[in-house]
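Asker: Could you look at this predicted model? Sequence included:
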Amino acid sequence: MLDNPFVKLGSIIRVTREQTGMKQKELANKLGITPRHLMNIENGHRRPSCVLLFQIIQTLSISIDVVFHPQLIHNRQDLMQIIAMLYKCNKKELNVASATITALLEGKD
């Protein structure tokens, strides 16, 4: 069943929403849709329009890589959490994160 890309997409949306602590009703209100419509998207029973998908991605700060290449981070909730945290950083904080990651990876080639 998870081979269906819309089931995968719905799962990504649901997991990300839950990680942010947002309820279905709250997200639905922010998106201007009904909670039932959101539930159907999260279950893979409905396909969001391009505009709605864009709104969901922006509202939940979902990385576009997660949406279009879920196989790259499948079952990697730790990566999804780090990506979500990075989206909340300002430029200075991103520079610190980048320098830290660079230092951690030095010599691993």
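Answerer: Received the coordinates, thanks. On a predicted model such as this, the values are computed, not experimentally measured, just so you know.

Asker: Going along the chain from whichever strand or helix holds Q81, find the next helix or strand for me.
Answerer: Counting by DSSP states H and E, the element that carries Q81 is helix 77-87. Going down the chain from helix 77-87, the next helix or strand is helix 91-105, by DSSP H and E.

Asker: angle of that following helix against helix 77-87?
Answerer: Inter-element angle recorded for helix 91-105 and helix 77-87: 140 degrees (by axes from the mean of the first three to the mean of the last three CA atoms, to 10 degrees).

Asker: With adjacent residues omitted, what lies nearest to Q77?
Answerer: Residue nearest to Q77 in three dimensions, not counting chain neighbours: V15, with 7.2 Å by CB to CB, 6 or more residues apart in numbering. (Glycine included, C-beta is placed from N, CA and C.)

Asker: Now do the one you found against M80, distance only.
Answerer: 7 Å (CB to CB, to the nearest Å).

Asker: Buried ones in the least confident helix or strand in the chain by mean pLDDT, by neighbour count?
Answerer: One helix or strand of the chain scores below all others by mean pLDDT, DSSP states H and E: helix 77-87, with a mean of 77. Judged by neighbour count (16 or more other CB atoms under 10 Å), helix 77-87 contains these buried residues: 80, 83-84.
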